[in-house]
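Colleague: What would the 3D arrangement of this be:
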Amino acid sequence: MSPSQTSTTPTPVPTIDYRLPSMEDGRRLWEIASDSQVLDVNSPYAYVLWCHDFAATSIVAEIDGRPIGFVTGYQRPDNTAVLMVWQVAVDHAARGNGVAATMLHKLFLRCASAGMVAMHTTISPDNEASQRLFASVAAARGLEFRRQDLFDAALFPDAH
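Modeller: Numbering: from 1, shown residues only. Coordinates of the predicted model:
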């Protein structure tokens, strides 16, 4: 091979697995949320608890056994047909590969088999990336996408 020619051996693309979270994932989910610089970060205890109590309505994306993303959600107690998505986060190194959308699709498919036919979430008005994510997932699934105010800012002690 001449110096101007280079080997073009493709870099193997790691396999991303999607699964239910376990309590052992709680620490890593907290780290991903903390590193996101966007999410309101809950306590480490809350992530472990979430992985225990709401595993059926949440999902983890992992590469080689290490979580790289998650979606936490729960079934609305006042409307059991609704999956309420609490947080979506993907590790910085794995962003831009469709992981968040894939997690939402897979989670919604799983929850649909339990009778959930709608997905709700809360997104800050300035979080355009999340708005695009949910709009694209809704469009791909043939779901209505609509925005409406849920909580008045005066309910919060900080800038929500």
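Colleague: Leu29: how many residues sit nearby?
Modeller: Leu29 has 25 neighbours, counted by other Cβ atoms under 10 Å. C-betas here are computed from N, CA, C, even on glycine.
Colleague: Asp17 now?
Modeller: Asp17 has 13 nearby residues by other Cβ under 10 Å.
Colleague: Against Ala61, how distant is it?
Modeller: To Ala61, Asp17 is 7 Å away according to Cβ to Cβ, to the nearest Å.
Colleague: repeat for Asp152
Modeller: 34 Å.
Colleague: quick one, which of the two is more surrounded?
Modeller: Ala61 (24 against 8).
Colleague: so who does the more buried one touch?
Modeller: 16-18, 67-70, 90, 94, 99, 102-103 (Cβ atoms under 8 Å, 6 or more residues apart in numbering).
Colleague: Take those residues and keep only those in helices.
Modeller: 99, 102-103 (DSSP state H).
Colleague: residue boundaries of the strands in this protein?
Modeller: Counting by DSSP state E, the chain has strands at residues 17-19, 59-63, 66-75, 82-90, 118-121.
Colleague: State the paired neighbours of the longest one in the sheet, together with their directions.
Modeller: Pointing back at strand 66-75 there. Strand pairing for strand 66-75, using DSSP bridges, gives strand 59-63 (antiparallel), strand 82-90 (antiparallel).
Colleague: I'd like the distance from that strand to the chain centre, please.
Modeller: 5 Å (Cα atoms, centre = their mean, to the nearest Å).
Colleague: where does Pro77 sit relative to Leu49, distance-wise?
Modeller: From Pro77 to Leu49 the distance is 17 Å (Cβ to Cβ).
Colleague: Compare these two (neighbour count), which wins?
Modeller: Neighbours were counted for Pro77 and for Leu49 using other Cβ under 10 Å; Leu49 has more, 14 against 8.
Colleague: Can you add distance to Met119 and mean pLDDT and give the strands paired with strand 66-75 back as CSV?
Modeller: Shown next, in CSV, are these (distance: least, Cβ to Cβ, whole Å; pLDDT from 0 to 100):
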stretch, distance to Met119, mean pLDDT
strand 59-63, 13, 97
strand 82-90, 5, 96
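Colleague: got a markdown table for these, with distance to Arg110 too?
Modeller: Shown next, in a markdown table, are the strands paired with strand 66-75 (distance: least, Cβ to Cβ, whole Å):
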| stretch | distance to Arg110 |
| --- | --- |
| strand 59-63 | 8 |
| strand 82-90 | 9 |
